[in-house]
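K.L.:
Fold the following.
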Amino acid sequence: MTSEKFVVAYEGSVEDSSLLSYALERARKEGAALHIVHVLEWSPYSFLTPEELEERHGRRKDEISRAREVILEPAIAEIEKAGVTCTGEIRYGQVVEIIAEIAGAQKAAMIFVGRSGRNSVSSRVFGSVPLGLAQIAPVPTVIVP
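P.N.:
Now for the predicted structure:
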């Protein structure tokens, strides 16, 4: 029986293969399950018309479906093929806050996140995902190079 759960903040990029490998290795060693989380950033754009909001919500459903098929399901299959229990979810919102919230809700023992994170100008100005998680996460955060 699995006693612990680790949350993996997963972008699905090529650089994330070392993240998945490390999380899988740690889960195996510690008899833990993994919960992979992919966050699509979303802002409400309150100034949009009702028609624009409806169209945007339709695109949102398409994005979730595509992310599930291309990013989440292959990662879960890879982990389960290696013999580790794995679940996952896709959410919209602010990455750091969502990952921290899910870690609390899942009663996770640890969070794993890749060092690269969102490598954009805004992340350099306002802080990266790994740095943000290190500051607010309810459990230890492991930053994987």
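
K.L.:
Show me the helices in this structure, by range?
P.N.:
Secondary structure of the chain by DSSP state H: the helices cover 16-30, 50-67, 73-81, 95-105, 121-126, 129-136.

K.L.:
want to throw those helices into TSV with mean neighbour count and distance to V113?
P.N.:
Using the backbone N, CA and C atoms, a C-beta is placed for each residue, glycine as well. As requested, the helices of the chain are arranged in TSV below (neighbours: other C-beta atoms under 10 Å; distance: least, C-beta to C-beta, whole Å):
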stretch	mean neighbour count	distance to V113
helix 16-30	18	7
helix 50-67	11	17
helix 73-81	15	14
helix 95-105	19	7
helix 121-126	10	13
helix 129-136	19	5
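
K.L.:
which stretch in the ones you listed has the least confidence?
P.N.:
Of all these, the minimum mean pLDDT falls on helix 121-126 (a mean of 44).

K.L.:
rewinding a little: which one of the helices of the chain lies closest to V7?
P.N.:
Judged by C-beta to C-beta, the one of the helices of the chain that comes nearest to V7 is helix 95-105, at 4.6 Å.
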